[in-house]
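[1] Just to be clear, the model below is a prediction. Sequence and coordinates:
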Amino acid sequence: QKEVEQDPGPLSVPEGAIVSLNCTYSNSAFQYFMWYRQYSRKGPELLMYTYSSGNKEDGRFTAQVDKSSKYISLFIRDSQPSDSATYLCAMSLNTGGFKTIFGAGTRLFVKA
Amino acid sequence: DGGITQSPKYLFRKEGQNVTLSCEQNLNHDAMYWYRQDPGQGLRLIYYSQIVNDFQKGDIAEGYSVSREKKESFPLTVTSAQKNPTAFYLCASSTISRDEAFFGQGTRLTVV
């Protein structure tokens, strides 16, 4: 079993839809949770960074962490074609990125 | 502009050849990392460095080597011992106190 599981998709939605992206994990010691967006042939860019459980909102993006279920989510409201990318979840035990584990990524297509 | 610069963007390697991928950052970050990305897999850590003149092996270090002579630079050499080097290579950096990694645009290495 992988430490972090993420559905590879692809996920295809119409413009304006609410998108839900999810990851599950097995190590209950993870404390820091991140979402990255990666456009084709580009490096990942950090979207959201959260510590422990709870919600965090930034514009159209909301990150949610449920440590009791070992489940994290990223919601995208009013999705746009420019949101079409691969979304990677990541999590770590403590500070120092050498302990960060990445999911394989979910490919998202937003149709105009 | 602050950021991470990787070069070249595309690189072709012949069998038995060593090649070096460049990574430079002007974010004043202490920590730097090299990841490998293959289709359908999460990012896998090759090497990381938290301070000049010191670096540690990640999960898949065999066939790779690095140096950290300057804070800004963390080049990766893919040696002939790496039997399956075709992949997308990503360099990243972060502060020591937070896990938010900032990535370069990647180098796509292909064996010909």
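    Cool, got the structure. Numbers count the residues shown, from 1 in each chain, chains lettered A, B, ... in the order given.

[2] So in that sheet, which strands flank the host helix or strand of residue A:88, and in what orientation?
    Using DSSP states H and E, residue A:88 maps to strand A:85-92. Next to strand A:85-92 in the sheet, as set by DSSP bridges, lie strand A:32-38 (antiparallel), strand A:101-102 (antiparallel), strand A:106-111 (antiparallel).

[3] Check these for me: which has the lowest mean pLDDT.
    Of all those, strand A:101-102 carries the lowest average pLDDT, namely a mean of 90.

[4] what's the closest non-adjacent residue to the residue most central in space within chain B?
    Computing the C-alpha centroid of chain B and ranking residues by Cα atoms, centre = their mean puts residue B:34 first, at 3.0 Å. Nearest residue to residue B:34, sequence neighbours excluded (Cβ to Cβ, 6 or more residues apart in numbering or on different chains): residue B:46, at 4.3 Å. Where C-beta positions appear, they are placed from N, C-alpha and C, glycine not excepted.

[5] if I've got this straight, the one you found is in a helix?
    No: if the criterion is DSSP: H, G, I helix; E, B strand; the rest coil, then residue B:46 is strand and not within a helix.

[6] Please determine how far it is located from residue B:97.
    In this structure, residue B:46 lies at 23 Å from residue B:97, with Cβ to Cβ, to the nearest Å as the measure.

[7] and the two? which has more neighbours close in?
    Using other Cβ atoms under 10 Å in any protein chain shown as the criterion, residue B:46 and residue B:97 rank with residue B:46 on top: 26 against 10.

[8] who touches that one in this structure?
    B:34-36, B:58-61, B:64, B:66, B:76, B:89 (Cβ atoms under 8 Å, 6 or more residues apart in numbering or on different chains).

[9] ok, 6 Å please
    Contact analysis of residue B:46 by Cβ atoms under 6 Å, 6 or more residues apart in numbering or on different chains lists B:34, B:36, B:58, B:60-61, B:64.

[10] Residue 22 - how many residues pack around it?
    Picked chain A for this. The burial count for residue A:22: 16, using other Cβ under 10 Å.

[11] You answered for a different chain; I wanted chain B.
    Residue B:22 has 15 neighbours, counted by other Cβ under 10 Å.

[12] about what we covered before: so what are the sheet partners of the helix or strand that contains the residue nearest to the centre of chain B and their directions?
    In the assignment (DSSP H and E), residue B:34 maps to strand B:31-37. Here strand B:31-37 has these sheet partners by DSSP bridges: strand B:44-51 (antiparallel), strand B:87-94 (antiparallel).

[13] Excluding its own residues, what touches it? List them.
    Residues from elsewhere that reach strand B:31-37, judged by Cβ under 6 Å, 6+ apart: A:97, B:43-50, B:74, B:76, B:87-94, B:96.

[14] Give the buried subset of these as a ChimeraX selection command.
    Of those, the buried ones can be selected in ChimeraX as follows, counting by 16 or more other Cβ atoms under 10 Å in any protein chain shown:
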select /A:97 /B:43,44,45,46,47,48,49,50,74,76,87,88,89,90,91,92,93,94
